[in-house]
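**Q** Fold the following, please.
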Amino acid sequence: MQTGHAPDELMGEYGDYDQFFQKMLGETDFDFETYSVVDGVFPASAADCDGWLITGSRHGAYEDHPWIPPLEALIRDIHARGQPLIGVCFGHQIIAQALGGKVEKFKGGWAVGPTEYDMGGRTVTLNAWHQDQVVERPEGARVLASNAFCENAILAYGDTIWTVQPHPEYGNDFIGGLIRTRGKGVVPEAQLAEATANLDEPVDNAEFGRAMADFFRKERA
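**A** The predicted structure is shown next:
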């Protein structure tokens, strides 16, 4: 379910957000259907697909958009049915909000570029691009990864929902494009400069792509 679009200036080179995930998960391994919920395009029901993924967005989960309440209702239906669901950035946030958590514009500011997270005692690096955060977890959500800036960086709900605050689908080159197109005047200049200087750091996107694909393939009772 697509909840936002890539910047027009980057779309020609990188494609839109749904294409990022199709490439990441393996275009020959799954059959994909995109529902552009940000444009009001929804599935008829949760039964339309075997598994679901909610993309990132420039919008806030707490904002007043007509497509957010039906998306939250669909999330609750998917959860009740025990279907696999992955959320990334905005997807991570809207799932938490739909299930009883709280999302807000974080007072600590932005996270941008390659960022380290403690994942069960192991350090992983993923690209971040967010100011909003899950500040209160829903009942039953458990933390899989965090850092000092973002306590709820990766969450799991049972074995059917897995959500990630950073962007394992964003390469460093795309982050560089966001810095040029969406960062100026929004993210502090010093932070953009620091992120730009770190764009040669390796990120663990391939590992997360495999883990997400395995999550969808997993047999569940």
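**Q** what residues does the host helix or strand of Leu178 touch?
**A** Assessed by DSSP states H and E, Leu178 sits inside helix 172-178. Identification of contacts with helix 172-178 by Cβ atoms under 8 Å, 6 or more residues apart in numbering yields 7, 9-10, 13-14, 112-114, 127, 129, 170, 195-196, 199-201, 203. Using the backbone N, CA and C atoms, a C-beta is placed for each residue, glycine as well.
**Q** what residue ranges in the chain score low on pLDDT?
**A** Scanning the chain for pLDDT under 70 picks out 221.
**Q** part of a helix, is Tyr35?
**A** No: judged by DSSP: H, G, I helix; E, B strand; the rest coil, Tyr35 forms no part of a helix; its state is coil.
**Q** Can you report phi and psi for the residue positioned nearest the centre of the chain?
**A** Within the chain, one residue has its C-alpha closest to the average C-alpha position: by Cα atoms, centre = their mean, that is Val88, at 1.2 Å. Main-chain dihedrals, Val88, degrees, to the nearest 10: phi -130, psi 130.
**Q** So what sits opposite it in the bridge?
**A** Val164 (DSSP bridges).
**Q** all helices for this structure, in order.
**A** 8-14, 17-25, 68-81, 90-98, 172-178, 189-197, 205-217 (DSSP state H).
**Q** Need these in TSV (columns: distance to Ala153).
**A** Below are the helices of the chain laid out as TSV (distance: least, Cβ to Cβ, whole Å):
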stretch	distance to Ala153
helix 8-14	24
helix 17-25	18
helix 68-81	20
helix 90-98	9
helix 172-178	17
helix 189-197	17
helix 205-217	12
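**Q** Return the most buried member of these.
**A** Mean neighbour count (mean count of other Cβ atoms under 10 Å) peaks for helix 90-98 among the helices of the chain, with a mean of 27.
**Q** Could you tell me which other helices and strands it packs against?
**A** Under the contact criterion of 3 or more Cβ pairs under 8 Å, 6 or more residues apart in numbering; DSSP states H and E, helix 90-98 touches strand 52-54, helix 68-81, strand 85-88, strand 102-105, strand 132-136, strand 154-157, strand 161-164.
**Q** Tell me if I'm right that Gln22 and Asp31 touch.
**A** No: the pair Gln22 / Asp31 is not scored as a contact, 10.3 Å apart, by Cβ atoms under 8 Å.
**Q** Could you find the closest non-adjacent residue to Gly40?
**A** Leaving aside its chain neighbours, Gly40 sits nearest to Trp67 (5.7 Å; criterion: Cβ to Cβ, 6 or more residues apart in numbering).
**Q** That should have said Leu25, apologies.
**A** Closest to Leu25 by Cβ to Cβ, 6+ apart is Ala213, at 5.0 Å.
**Q** I'd like to know how far the one you found sits from Gly26.
**A** With distances taken as Cβ to Cβ, to the nearest Å, Ala213 is found 6 Å from Gly26.
**Q** picking up where we left off before, how many neighbouring residues does the residue nearest to Gly40 have?
**A** 17 (other Cβ atoms under 10 Å).
**Q** Now do the same contact list for it.
**A** Thr3, Val37, Val38, Asp39, Gly40, Phe42.
**Q** Of those, grab the buried ones for ChimeraX.
**A** Applying 16 or more other Cβ atoms under 10 Å to the contacts of Trp67 leaves a buried subset, and the ChimeraX line that selects it is:
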select :3,37,38,42
